[in-house]
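Peer 1: can you look at this prediction? I've put the sequence above it.
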Amino acid sequence: MTPLSFALAHSLPEIVLAIGALVLLMMGALRRPKGDWIISECAIALLGLAALSMLFQVGPTAIIWDGAFIDDAFARFMKFLALGGAMVSLILSREFMAREQIDFFEFPILVLLATLGMLMLISAQSLIALYLGLELMSLALYVIAAFHRTNLRASEAGLKYFVLGALSSGMLLYGASLLYGFAGTVSFTGIGEALKGGPSIGVVFGLVFVMAGLAFKMSVVPFHMWTPDVYEGAPTPVTTFFASAAKMAAVAITVRIVMTAFPGMKLQWQQIVVFISILSMAIGAFGAIGQTNIKRLMAYSSIGHMGFALVGLAAGTEQGVFGVLVYMAIYLAMTLGTFAVILSMRVGNTYVENIGDLAGLSRNHKFMAFVMAMMMFSLAGIPPLAGFFAKWYVFLAAIKANLYWLAVIGMLASVVSAFYYLRVIKIMYLDEPARPFEKANWEVSAIVALGGLFVVLFWVYPAPLVNAASLAAKSLF
Amino acid sequence: MTVAAAFFYLFSIIMLASAFMVIAARNPVHSVLFLILVFVNAAGLFILAGAEFLAMILVVVYVGAVAVLFLFVVMMLDVDFAELKQGFLQYLPLGALIGIVVAIELIMVLGGWTAAPGIKATNAPQITALSNTEALGLVLYTRHVYFFQAAGLVLLTAMIGAIVLTLHHKPGVKRQDISQQNARTREEAVEVRKVPSRTGV
């Protein structure tokens, strides 16, 4: 096999998305206005095709494009999650965008480009590839956050995300330049080799700045300030995309850079990860208590969940990475399921997003209320639902790595966060019914059902996910 | 004094003088024009240093695009520059502080200060047989083709984003349709009427 076809074969999903996005852009630009549905369908099909093309990538780890791009089991696992998140977000977006009259053909294309950025980010093996993937993802995300441009809150969300995102990119670049200066190379493995003999103060500076830039993308404390506002202001399908696919890419690159570029600096990065993990769990638990808007609640919930996932990373072991991977997969399913329910909260022709609007859901839509209750129980981490196992694996890894107190703080935060998850269930089942919602269309209902099925029945047959995650975790070590 | 040194002083003096004029000129359009002069002279300095690719890029990007964009902004937006300059002096301490920091940095660099003595400097390879442009061209589309393509996609995304967020299709705006214009025949474009005298059309 020649090097070029070898490289092309190992970056097949990226190539599918890149060429597909360009073709769809031409289709959209040359087609008459109206009748935008076909672009959205094509984009969903392309994401599926990209995921399918990964089934052919079974070979061993390959580093291609002159050391910039890595194709290993870890990347494949996270890419599956990111593609799944993007696909479901696009499926959920169709009715919403049409009803809000913002169903322009650019939206699916921007989602495709953002997803392409995520895949490049997940596979990044050098600082330049990291930055390019991150910017491709972020630029498309800034635009779709403000996609509802006549809506003041969406514009505010887009602008806020853009300004803070640019700041975080600057911090990341500053850290990257320090790392390059001290290590003399941009490749992760090269940095790992160069920094084996104990870090200097400049390298620690670089590490801190890079972690700050990545923490912003993961939306963990103290770089979480944008999250509630952006999640609330952006159109709900866009929020779904932010909370699902974007998180997968950010966590994946953080795990990869920590494990491959800084194995000799565990003492330094472990402090940072423990610090942001504890703060995120605490802010996620306490910040959500007073919220009345369900999208804001989910924003704080996602901050808290990133904190829990980072508990696994703080352990710094293969088991810890395995915990993070399982956590992200289960978090993806729970988030998508919950947002599918949120996207079916429609009274008449307007979408509502207050928690109070859910009152009496159990009497109007029994099945929807049941799934939402299961999602909330699972997000709170109550056995035997999927969310419990997610927390179980990361806490187990932390305890094995002698981080007892981190696990204890995590469990306490989990108890506090259970309060607001249970409050949603109480409102759905015990409060006086509010105006009933319209019937959701079949796509949204199907995703609600699938999410519910996964969350409730994960314990019956966890083997596929657990096996894939342990294979992926092994490939990093 | 060699020719190169003479040109170095020429470019430097003009650059410094016009940089001062950028902030001193009363007319904002003059400021932008002086800024262009700064860029051109900086490009000259780059050529003296043997970095001909950077020099050309500086002219193409900064003079060709950025400065012209500034000119558009200055001319199209109604900015009251007299009012903007009101509090000019109160920023002097801040400007002086930044100037001092830059001066300290320059002294540290020239004084041979090293941030990490243990690290050996990774010098750029000395390529004498090739010019900068050739050396870049050899790797840009081969070794770094992935970065090149990725950067292209980032720029494409930026373009799509700018269009999505700002382009408003107003209904009822008359647009030029060249094929329609060419398809017009004399019969439908011209109407001949007999106008009786003293009545008008």
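Peer 2: On my side now, so go ahead.

Peer 1: for stretch A:106-121, what is the distance to the chain centroid?
Peer 2: Distance of stretch A:106-121 from its chain centroid, counting by CA atoms, centre = their mean, to the nearest Å, is 13 Å.

Peer 1: and if you look at stretch A:118-138?
Peer 2: How far stretch A:118-138 lies from its chain's middle: 15 Å, per CA atoms, centre = their mean.

Peer 1: repeat for stretch A:352-371
Peer 2: In terms of CA atoms, centre = their mean, the centre of stretch A:352-371 is found 25 Å from the chain centre.

Peer 1: and stretch A:432-442, by the same measure?
Peer 2: 28 Å.

Peer 1: so where's the chain uncertain?
Peer 2: Let's take chain A. A:1-2, A:32-37 (pLDDT under 70).

Peer 1: try again with chain B
Peer 2: Filtered on pLDDT under 70, chain B yields the residue ranges B:1, B:79, B:81-82, B:84-85, B:115-128, B:201.

Peer 1: which residue ranges of it form helices?
Peer 2: Taking DSSP state H as the criterion, chain B carries its helices at B:3-24, B:28-48, B:52-57, B:68-76, B:81-84, B:92-110, B:132-140, B:145-166, B:178-183, B:186-189.

Peer 1: what's the neighbour count on residue A:321?
Peer 2: 27 (other CB atoms under 10 Å in any protein chain shown). For glycine as for every other residue, the C-beta is placed from the backbone atoms N, C-alpha and C.

Peer 1: ok, it touching residue A:470?
Peer 2: No: using CB atoms under 8 Å, residue A:321 is not in contact with residue A:470, being 9.5 Å away.

Peer 1: re earlier: of all the helices of chain B, which lies closest to chain A?
Peer 2: For the helices of chain B, proximity to chain A was assessed by CB to the nearest CB; helix B:145-166 is nearest, at 3.6 Å.

Peer 1: now do the buried residues in the closest one.
Peer 2: Buried residues in helix B:145-166, counted by 16 or more other CB atoms under 10 Å in any protein chain shown: B:145-147, B:149-150, B:153-154, B:156-158, B:160-161, B:164.

Peer 1: how about these in TSV, adding distance to residue B:18?
Peer 2: Converted to TSV, those look like this (distance: CB to CB, whole Å):
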residue	distance to residue B:18
B:145	39
B:146	40
B:147	35
B:149	38
B:150	37
B:153	38
B:154	33
B:156	36
B:157	36
B:158	31
B:160	37
B:161	35
B:164	39
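
Peer 1: now do the contacts for residue 78.
Peer 2: No chain specified, so I'll use chain A. A:122, A:248-249, A:251-252, A:325, A:328, A:472 (CB atoms under 8 Å, 6 or more residues apart in numbering or on different chains).

Peer 1: chain neighbours aside, what residue packs nearest to it?
Peer 2: Nearest residue to residue A:78, sequence neighbours excluded (CB to CB, 6 or more residues apart in numbering or on different chains): residue A:252, at 3.9 Å.

Peer 1: so the one you found sits in a helix?
Peer 2: Yes: using DSSP: H, G, I helix; E, B strand; the rest coil, the assignment for residue A:252 is a helix.

Peer 1: number of nearby residues for it?
Peer 2: 27.

Peer 1: and the one 3 residues further on, by the same measure?
Peer 2: Neighbourhood size, residue A:255 [other CB under 10 Å]: 25.

Peer 1: which element is it on?
Peer 2: Per DSSP states H and E, residue A:255 falls inside helix A:247-261.

Peer 1: which positions in chain A make contact with chain B?
Peer 2: Residues of chain A lying close to chain B by CB under 8 Å from any CB of the partner chain are A:18, A:22, A:25, A:33, A:65-66, A:68-69, A:104, A:106, A:109-110, A:113, A:116-117, A:120, A:128-129, A:132-133, A:135-136, A:139-140, A:142-143, A:146-147, A:149, A:158, A:181-182, A:184-185, A:200, A:202.

Peer 1: and those, which of them are buried?
Peer 2: The neighbour-count test (16+ other CB under 10 Å) marks A:18, A:25, A:65-66, A:68-69, A:104, A:106, A:109-110, A:113, A:116-117, A:120, A:128-129, A:132-133, A:135-136, A:139-140, A:142-143, A:146-147, A:149, A:158, A:181-182, A:185, A:200 as buried among the residues of chain A next to chain B.

Peer 1: now, those that are in helices?
Peer 2: If you go by DSSP H, those have A:18, A:25, A:106, A:109-110, A:113, A:116-117, A:120, A:128-129, A:132-133, A:135-136, A:139-140, A:142-143, A:158, A:181-182 in helices.

Peer 1: one step back: ranking the contacts of residue A:78 by neighbours, who comes first?
Peer 2: Neighbour max across the contacts of residue A:78 (other CB under 10 Å) = residue A:325, 30 neighbours.

Peer 1: I'd assumed residue A:475 was in contact with that one.
Peer 2: No: judged on CB under 8 Å, residue A:325 makes no contact with residue A:475 at a distance of 10.7 Å.

Peer 1: overlap of the contact sets of the two?
Peer 2: Contact criterion CB under 8 Å, 6+ apart; residues shared by residue A:325 and residue A:475: residue A:74.

Peer 1: now residue A:205: closest residue in space that isn't a chain neighbour?
Peer 2: Per CB to CB, 6+ apart, closest to residue A:205 is residue A:178, 5.5 Å.
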